[in-house]
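>>> Fold the following and give me the result.
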Amino acid sequence: MIWLFTRMSGGQSLMIGKKKSLKADIIIGIGDLSKMTGVSARQLRYWEEKGYIQAVSGKKNATRKYKFEMSFKVQAIKRYLDEGYTLAKSVEQAEKLRKKFEIWKKFLVGKVQEVEITDTQHNYGVIELGCVDEEQKKKIYGVVDENGCHFELRDYAEADN
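So this is what the prediction gives:
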């Protein structure tokens with residue numbers, strides 16, 4: 001969700017819009033969805049007819065419009081088709097992938113406490129995931145550095161230094 005702001009004189013910000021969800025509020029046409037995903041408009045119409053994807057309801061015979069988030073589902077279906085799955089199995093796999101991402105997102109929102117950028121040139125950093133023991137003496141960190149991605153367990157006192 002985002003808030004829309006405008007700058008006022010004196011450097012103050014004034015909220016001018018309500019909360020928006022970019023992925024839920026952006027609408028794209030079938031041609032744009034086709035270009036973004038590499039799936040033909042004809043194929044998209046077929047998938048919609050089968051109930052695998054959904055257009056935003058509108059007038060009959062009008063150009064089909066889709067929520068931006070549908071592009072992720074279409075890309076996933078295409079990926080599984082390209083790997084040799086049937087269309088029905090591709091849709092099933094795409095839905096499973098969507099559910100995995102929802103769990104991943106829920107975990108990140110619930111556990112990530114702080115992200116420290118340690119090297120902007122290489123996109124290295126440290127992600128604080130919180131305490132891992134009941135006594136709250138140890139914290140776990142996800143580290144992205146020249147050695148790749150790994151976890152580090154640090155004493156709470158050491159972690160705050």
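>>> Which segments of the protein make up each domain?
5-110, 112-159 (automatic domain parsing).
>>> Need the ones you listed in a markdown table (columns: mean neighbour count).
Glycine gets a C-beta too; all of them are placed from N, C-alpha and C. As requested, those are exported to a markdown table (neighbours: other C-beta atoms under 10 Å):
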| stretch | mean neighbour count |
| --- | --- |
| domain 5-110 | 13 |
| domain 112-159 | 12 |
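>>> Which of those domains comes out lowest on mean pLDDT?
The minimum mean pLDDT among the domains of the chain belongs to domain 5-110 (a mean of 85).
>>> Which parts of the protein are helices?
Assigned by DSSP state H, the helices in the chain fall at 22-25, 30-37, 41-50, 70-82, 87-111, 156-159.
>>> want to throw those into CSV with distance to Val132?
Conversion of the helices of the chain to CSV gives the following (distance: least, C-beta to C-beta, whole Å):
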stretch, distance to Val132
helix 22-25, 32
helix 30-37, 40
helix 41-50, 44
helix 70-82, 32
helix 87-111, 11
helix 156-159, 10
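>>> now for those, which one comes closest to Thr63?
Among the helices of the chain, helix 30-37 comes nearest to Thr63, with 6.5 Å by C-beta to C-beta.
>>> Thank you kindly, that will do.
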